[in-house]
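Peer 1: Pasting the sequence and the predicted model now:
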Amino acid sequence: REKDLLQAKKLASVGTLVSGVAHELNNPLNNISLTAEMLVDEWKDLSVEEREEMLSDIIEEARRASTVVKNLLDFSRSKLKDADESLDIQEVVKSSLKLVRNQLMISNIQLITEFKKDIPKIKGNYDNLKQVFINLFLNAIQAMPEGGYLKISTKETELNGKRYVEVAVEDSGVGMPPDVLDRIFDPFFSTKPVGKGTGLGLSIVYGIVKKHGGKIRVETEKNKGTTFFVYFPCEEDA
Ligand code: ADP
């Protein structure tokens, strides 16, 4: 079954960001205060080992809270630059691919590319766009722990009478159930274990694509794979 999501209506709002951070910080802080209270109340009845274990728990949870704050700071610093360079998106894709080539090999993932000879230029920021593709590639790689293929293709297409360059990033990975798909662009939403995912990758992708006047569409099927389609207005039409 195919699930299609038009992202136009979805906005990574300040509200979801705040509730995401609040939730992510609340858990470790609660654990810290509960454990500290127990230590104080039951100090005399606890063995040295029990005390040490509880103190280690406190340290670990404090580290977890710091990581959340660090990620949030990185996120807020990832300033969107002006989308004002005339770019061949295929060049951006190629240079992003170079950075994940090793991971593809290690993970036993076959790379398939279908680039076009002549693709219209788009107006954009090279570094920000590279970030978009790196994030999409890394997610694809993480979705294929047993290997598979990553297919990148480009084409010119029309949406509502406007010309766009489409980049499709297809993986043969785990896919997503509908309830996950609904939330992937929310800041801090992640299905990955703590430490592996920040839940900010696709929020960043979304922000950058929006800034470029672009669109994102996702097709996914559980245990089959996922394709992210990103669209950027052709320069003359922008
Ligand atoms: P993170 O990768 O840190 O979890 P993202 O915002 O990049 O944060 O992604 C959010 C979630 O979207 C992931 O945790 C995962 O569940 C899902 N996701 C993203 N890309 C893919 C993909 N290519 N295949 C399957 N699931 C994906």
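Peer 2: Noted; the coordinates are in hand.
Peer 1: Looks to me like residue 219 is in a helix.
Peer 2: No: read with DSSP: H, G, I helix; E, B strand; the rest coil, residue 219 is strand and lies in no helix.
Peer 1: which one's the longest strand in the chain?
Peer 2: strand 148-159 (DSSP state E).
Peer 1: which bits of this protein sit near the ligand?
Peer 2: 135, 139-140, 143, 171, 173-176, 180, 184, 189-192, 197-203, 226 (C-beta under 6 Å from any ligand atom). C-beta: built from backbone N, CA, C; applies to glycine.
Peer 1: Return the members of these classed as buried.
Peer 2: 135, 139-140, 143, 171, 173-176, 184, 189-190, 197-203, 226 (16 or more other C-beta atoms under 10 Å).
Peer 1: ok, back up a step: from the residues of the chain next to the ligand, which ones fall inside strands?
Peer 2: 171, 226.
Peer 1: Below-threshold pLDDT in this protein: ranges please.
Peer 2: Counting by pLDDT under 70, the chain contains low-confidence residues at 1-17, 78, 195, 237-238.
Peer 1: Just the helices from it, written as ranges.
Peer 2: Here the chain has its helices, by DSSP state H, at 14-42, 48-77, 89-106, 126-142, 178-181, 201-211.
Peer 1: Which strands or helices does the fifth one pack on?
Peer 2: Meaning helix 178-181. Counting contacts by 3 or more C-beta pairs under 8 Å, 6 or more residues apart in numbering; DSSP states H and E, helix 178-181 packs against strand 3-6.
Peer 1: most remote residue from the chain's center?
Peer 2: residue 44 (47.3 Å; C-alpha atoms, centre = their mean).
Peer 1: Relative to the ligand, how far out is that one?
Peer 2: Distance of residue 44 to the ligand, given as C-beta to the nearest ligand atom, to the nearest Å: 44 Å.
Peer 1: can you check residue 20 too?
Peer 2: Using C-beta to the nearest ligand atom, we find residue 20 at a distance of 11 Å from the ligand.
Peer 1: so who does that residue touch?
Peer 2: Contacts of residue 20 were listed using C-beta atoms under 8 Å, 6 or more residues apart in numbering, and they are 186, 187, 188, 189, 199.
Peer 1: Nearest spatial neighbour of the most centrally placed residue in the chain, chain-adjacent residues omitted?
Peer 2: With distances taken as C-alpha atoms, centre = their mean, residue 201 lies nearest the centre of the chain, 2.2 Å away. Distance criterion C-beta to C-beta, 6 or more residues apart in numbering; nearest residue to residue 201, sequence neighbours excluded, is residue 135 at 4.2 Å.
Peer 1: cool, residue 80 as well?
Peer 2: Ranked by C-beta to C-beta, 6+ apart and with sequence neighbours excluded, the top spatial neighbour of residue 80 is residue 211, at 4.8 Å.
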